[in-house]
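A.B. asks: model the following, please.
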Amino acid sequence: MLIGEQIAYLRRYYPTEWHEAYKSVELLAERHSLLCPCGQIATKRHRSTCMRYRRMVDTEVVYNLRHLLPKRYQTAVKR
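C.D. replies: Residues are numbered from 1 along each chain as shown. Below you'll find the model as predicted:
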C-alpha cells in the first residue's frame, strides 16, 4: 500500500483519529521547524502551499497511526 493509499484509508475509516493526529503533528512541526524540507524559511504561507512540507506531515501522521492500518500494510510504513 502506497503512502497515498494509506492516507486515503485512514481518512475514510478513521477520520477523527486522522484529524487529531494531523493537528498535533502540524502543531509540533510548526513550533520546531524554522526551515522547510525544501530549504526555504517555513512561514505560515509557505507551509500551506509547499508539497514537501505537506508530504512530511502526512508521512509522520501515517507513521503515528500505523497501528490502525491493516496488518499486511504496517510493514510498508517508513519514516
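A.B. asks: got the contact list for the closest residue to Ile7 other than its chain neighbours?
C.D. replies: Excluding its sequence neighbours, the residue lying closest to Ile7 (Cβ to Cβ, 6 or more residues apart in numbering) is Asp58, at 5.7 Å. Using the backbone N, CA and C atoms, a C-beta is placed for each residue, glycine as well. Residues in contact with Asp58 (Cβ atoms under 8 Å, 6 or more residues apart in numbering) are Ile3, Ile7, Tyr22.
A.B. asks: so what's the first one up against?
C.D. replies: Residues in contact with Ile3, defined by Cβ under 8 Å, 6+ apart, are Asp58, Thr59, Val62.
A.B. asks: which ones among those map onto helices?
C.D. replies: If you go by DSSP state H, those have Asp58, Thr59, Val62 in helices.
A.B. asks: a markdown table please, covering the contacts of Ile3 and showing distance to Pro70 and pLDDT.
C.D. replies: Shown next, in a markdown table, are the contacts of Ile3 (distance: Cβ to Cβ, whole Å; pLDDT from 0 to 100):
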| residue | distance to Pro70 | pLDDT |
| --- | --- | --- |
| Asp58 | 18 | 94 |
| Thr59 | 18 | 93 |
| Val62 | 13 | 94 |
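A.B. asks: nothing else from me, thank you.
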